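Asker: sequence below, structure please.
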Amino acid sequence: MSEENFNTTGWDSQQVRRQAEQKRKKKKKKRGNPILWGLIWLVFVVTASAILAGVGWLLANDLCAFNKTYMEVEVTVEEGDTAADIAKKLKEAGLVEYDWFFRMFSILAKLDEKIESGRVGVGPHTLNTDMDYRALITGLYGRRKTADTVRIMIPEGYTVQQILALLAENKVASLEALTDTAANYVFEDYPFVDNENLGSIQRLEGYLYPDTYEFYVNDNPARALSRFLDNFVARIDEEMMKLIEESGRSLHEILTVASLIEKETDGSDREKIASVIYNRLNNPGFETGGLLQVDAALVYATGHSELTDADKAIDSPYNLYAHKGLPPTPICNPGRTSIWAALTPADTNYYYYVLGNEGKHIYSETYAQHQRVIAGLK
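Answerer: Numbers count the residues shown, from 1 in each chain. Predicted structure coming up:
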């Protein structure tokens, strides 16, 4: 044999180089055109995003009850029904499109706990396709003890106390049960309700939207009051929420201003009253000193309309003759017109107004002008 046959080191190195070269060629061949692969990946990402966006839109439509033809149906909850059973019934009734998605929402809303606690009652419940997922769950609250219903019109400007009395008078529930629920029940589905500081019905002031409602006689108090809150959510639309955000004030503050307007207006001057309130709030260095001096707030605190000098000296956060700024809560439940006025005040330099002999307010820019107007009315 020649020396080359025994030169295994040289043979091994040549073989290793050949194998490495073959691997590089295979990798190069497998790698293909990088631009083509980039385009394929881009198409895949765009397609997947479009599919996910489309699915998300469909789920959002179902969750929020968008674009549904109005339909009212009766869904019967039976003994032993679970949240999954209810989700299936809602789908069969045409109220939800995706029962599995409603079931996921119901887990977050703790529907199972509400069933166990009896808040979701056995019996038929009248629901409709305008109800979003949360409203559907609220619509299942309470046990329908009787088929009797009562239709009640809640006037604009009614206080929580007046509304509870009206509900009790119409036998929706007892005044004691309604009062306890308004003061102490945790309305967990409504983040704008103060669920931390329980014990006072005033926490619902401003949020019981005035409208015409139909209630069951002997209804569940929480279910009955939730009807108001659901309506409030529906009435405060996106345009209003945008204006609230632009105002730099909270929803609670806007409702408080609206409640003052509701109680002070002569029916035709809501925007002007709003301008007086904001002028005083925004210019505390003016001669009014940041005091709103709204009689209606003091009436709310004292419970009587004939105010005295002694009333104006009481120590109450609703005494706006002594305490600067807004009262701690709204003083009534304002209607849409007053809420809108609180969001779109007139542009004036008015700081004062007084009710004239013809039942209309007369406005003034200074205290001296205001005093002359009052003297002329005597």
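Asker: on the three-state scheme, Leu127 is what?
Answerer: strand (DSSP: H, G, I helix; E, B strand; the rest coil).
Asker: cool, Phe286 as well?
Answerer: Phe286 - assigned by three-state DSSP - is coil.
Asker: nearest residue to it other than its sequence neighbours?
Answerer: Sequence neighbours aside, Tyr351 is the residue nearest to Phe286 in space, at 6.4 Å (criterion: CB to CB, 6 or more residues apart in numbering). C-betas here are computed from N, CA, C, even on glycine.
Asker: and the gap between that neighbour and Glu306?
Answerer: Distance of Tyr351 to Glu306, given as CB to CB, to the nearest Å: 25 Å.
Asker: so between those two, which is more surrounded?
Answerer: Set Tyr351 next to Glu306 and count neighbours by other CB atoms under 10 Å: Tyr351 wins out with 22 against 7.
Asker: would you agree that one is in contact with Ile277?
Answerer: No: under the criterion of CB atoms under 8 Å, Tyr351 is not in contact with Ile277, lying 9.9 Å apart.
Asker: re the thing from before, list the contacts of the residue nearest to Phe286.
Answerer: Neighbouring residues of Tyr351 by CB atoms under 8 Å, 6 or more residues apart in numbering: Val276, Asn279, Arg280, Phe286, Glu287, Thr288, Ser364, Glu365, Thr366, Tyr367, His370.
Asker: what are the boundaries of the strands in the stretch 51-200 of the chain?
Answerer: For the stretch 51-200 of the chain, strands defined by DSSP state E, counting those that start in this stretch occupy the ranges 72-77, 123-128, 149-153.
Asker: as JSON lines, those strands with distance to Leu175 would be great.
Answerer: Formatted as JSON lines, those follow (distance: least, CB to CB, whole Å):
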{"stretch": "strand 72-77", "distance to Leu175": "28"}
{"stretch": "strand 123-128", "distance to Leu175": "24"}
{"stretch": "strand 149-153", "distance to Leu175": "14"}
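Asker: are any of the contacts of Tyr351 buried, and which?
Answerer: Using 16 or more other CB atoms under 10 Å as the burial test, the contacts of Tyr351 include Val276, Asn279, Arg280, Thr288, Ser364, His370 as buried.
Asker: quick one: contacts for the third one?
Answerer: Listed by CB under 8 Å, 6+ apart, the contact partners of Arg280 are Phe286, Thr288, Gly290, Leu291, Leu292, Tyr351.
Asker: which one of the residues you listed sits closest to Ile154?
Answerer: Nearest to Ile154, judged by CB to CB, of the contacts of Arg280 is Leu292 at 26.1 Å.
Asker: what's near enough to touch that closest one?
Answerer: Leu260, Ile277, Arg280, Leu281, Leu320, Lys324, Gly325, Leu326.
Asker: just the pLDDT at it, thanks.
Answerer: If you check Leu292, the pLDDT there is 97.
Asker: now the helices for the stretch 101-250 of the chain?
Answerer: Assigned by DSSP state H, counting those that start in this stretch, the stretch 101-250 of the chain shows helices spanning 111-116, 133-139, 160-169, 175-184, 221-235, 238-247.
Asker: how much space between Leu298 and Ala274?
Answerer: The gap separating Leu298 from Ala274 is 19 Å, by CB to CB.
Asker: over to Gly325?
Answerer: Taking CB to CB, one finds Gly325 at 16 Å from Ala274.
Asker: neighbour count winner among those two?
Answerer: Taking other CB under 10 Å, Gly325 and Ala274 do not tie; Ala274 has more neighbours (25 against 15).
Asker: check contacts around the closest residue to the more buried one other than its chain neighbours.
Answerer: In this structure, Ala274 finds its nearest non-sequential neighbour in Pro345, 3.5 Å apart by CB to CB, 6+ apart. Pro345 is in contact with Glu271, Ala274, Ser275, Ile277, Tyr278, counting by CB under 8 Å, 6+ apart.
Asker: can you redo those as TSV with pLDDT, distance to Glu188 and secondary structure?
Answerer: Formatted as TSV, the contacts of Pro345 follow (pLDDT from 0 to 100; distance: CB to CB, whole Å; DSSP: H, G, I helix; E, B strand; the rest coil):
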residue	pLDDT	distance to Glu188	secondary structure
Glu271	97	36	helix
Ala274	97	33	helix
Ser275	97	38	helix
Ile277	98	33	helix
Tyr278	98	34	helix
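Asker: kindly indicate the member of the residues you listed with the most neighbours.
Answerer: In terms of neighbour count, Ala274 stands highest of those at 25 neighbours, by other CB under 10 Å.
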